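J.: Sequence below, structure please.
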Amino acid sequence: MIFANKWEHPPPNLTLLNKDIHVWCASLNQPISYVQQLAQTLCAEEGIRAKRFYFEQDRQRFIVGRGILRTILGRYLGREPSQIQFHYGPRGKPSLVPACGGSWLRFNLSHSQELAVYAVTRDREIGIDIEYIRPMPEAAQLVARFFSVQENAMFRTLPPSQQQAAFFRCWTRKEAYIKALGDGLALSLDQFDVSLFSDEPARLLGIKGDHTAATRWFLQELIPAPNYIAALAVEGQGFCIQCWQWIE
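T.: Next up, the predicted model:
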């Protein structure tokens, strides 16, 4: 696996090879002129969803997030952003309809505060999650309620000064894996284990106690910006990850 946690400007011509994973990071705070431009790329259903937001900032961030997603996918597919068509599974995971590249191009997205991240690959399940790191006084209670027995035990060995970072590290890895599963399997957060110590790589340790099944999945920690942490989950091994900073 080839990876350096560097966010670079994308090349003018994007090539997505079989073992490539492209991760994009974009600011959701954009000039109003660009928000209006992206709004023109959305479908009618997305426009309705945007209007449901009570706060203008949330509405604009939704428009930017969806518009940039459409623009990114359009670059790989050679299509206008407004021509991208999505399908949503029973549990809400978006995918492309077959006529728009759904037979080979896979993607996932996540957002927190003012940042969004997008992961794109070929012919394999993929999930991504991002969180803004903030004070979490209830972290221990959340770990006890939602995380696995093994993760609880690991978390309790850490001094309080390290527990907040460990919580977000664990949470993003678990969410990324759940999102990669999408509609294929309903799995609660306490039924699988991930690594959470700062001195060990991101890794899926076991699925319902099955360590062999966990080796079918690859996890990677990402740092898209100060005070943010993200995680990527991909089916398979041996990837080349490239991280792009969205610039219009």
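J.: Only C-alpha atoms from now on, for both contacts and neighbour counts.
T.: OK.
J.: The helix or strand harbouring residue 75 packs against which elements?
T.: If you go by DSSP states H and E, residue 75 is part of helix 56-77. If contacts are counted by 3 or more C-alpha pairs under 8 Å, 6 or more residues apart in numbering; DSSP states H and E, helix 56-77 sits against helix 32-39, helix 44-51.
J.: Next, the buried residues of the last one.
T.: Of the residues in helix 44-51, those buried by neighbour count under the rule 16 or more other C-alpha atoms under 10 Å are 47, 50.
J.: Tell me which other helices or strands that helix touches.
T.: If you count contacts as 3+ C-alpha pairs under 8 Å, 6+ apart, helix 44-51 packs onto helix 56-77.
J.: What is the subsequent helix or strand relative to the helix it packs on?
T.: With DSSP H and E, the next secondary element past helix 56-77 is strand 86-88.
J.: I'd like the average pLDDT over that following strand.
T.: The average pLDDT within strand 86-88 is 88.
J.: partners of it, with directions?
T.: Take DSSP bridges as the rule and strand 86-88 pairs in its sheet with strand 94-96 (antiparallel).
J.: Beta-bridge partners for the most centrally placed residue in the chain, please?
T.: Central residue of the chain (C-alpha atoms, centre = their mean): residue 128, 2.0 Å from the mean position. The partner list for residue 128 in beta bridges (DSSP bridges) reads residue 232.
J.: what residues go with each domain of this protein?
T.: Residue ranges for the domains of the chain, per automatic domain parsing: 7-129+237-245, 132-224.
J.: Those: which one's closest to residue 231?
T.: Of all those, it is domain 132-224 that lies closest to residue 231, at 4.5 Å by C-alpha to C-alpha.
J.: Just the endpoints, please. Distance across that closest one?
T.: End-to-end distance of domain 132-224 (C-alpha to C-alpha, to the nearest Å): 10 Å.
J.: Equivalent analysis for stretch 32-46, please.
T.: For stretch 32-46, by C-alpha to C-alpha, the gap between its terminal residues amounts to 18 Å.
J.: got the buried residues for it?
T.: Of the residues in stretch 32-46, 35, 38, 39, 41, 42, 43 count as buried by neighbour count, 16+ other C-alpha under 10 Å.
J.: SS state for residue 200?
T.: Classification of residue 200 by DSSP: H, G, I helix; E, B strand; the rest coil places it in coil.
J.: gap between it and residue 233?
T.: Shown here: residue 200 relative to residue 233, a distance of 16 Å by C-alpha to C-alpha.
J.: Is it possible to get a markdown table of the buried residues of stretch 32-46 that adds pLDDT?
T.: Below are the buried residues of stretch 32-46 laid out as a markdown table (pLDDT from 0 to 100):
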| residue | pLDDT |
| --- | --- |
| 35 | 96 |
| 38 | 97 |
| 39 | 97 |
| 41 | 97 |
| 42 | 97 |
| 43 | 93 |
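J.: hang on, the earlier thing: can you dump the C-alpha coordinates of the helix holding residue 75 into CSV?
T.: Provided in CSV are the C-alpha atoms of helix 56-77 (Å, rounded to 0.1, in the frame of the first residue of the first chain):
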residue,chain,number,x,y,z
GLU,A,56,-29.1,29.3,5.6
GLN,A,57,-25.6,28.2,6.4
ASP,A,58,-26.7,24.5,6.6
ARG,A,59,-28.6,24.9,3.3
GLN,A,60,-25.6,26.4,1.5
ARG,A,61,-23.3,23.7,2.9
PHE,A,62,-25.6,21.0,1.6
ILE,A,63,-25.7,22.5,-1.8
VAL,A,64,-21.9,22.8,-1.9
GLY,A,65,-21.4,19.3,-0.7
ARG,A,66,-23.7,17.8,-3.3
GLY,A,67,-22.6,20.0,-6.1
ILE,A,68,-18.9,19.3,-5.5
LEU,A,69,-19.7,15.5,-5.4
ARG,A,70,-21.4,15.8,-8.7
THR,A,71,-18.5,17.8,-10.2
ILE,A,72,-15.9,15.3,-8.9
LEU,A,73,-17.8,12.3,-10.3
GLY,A,74,-18.4,14.1,-13.5
ARG,A,75,-14.6,14.5,-14.0
TYR,A,76,-14.1,10.7,-13.8
LEU,A,77,-17.1,9.9,-16.0
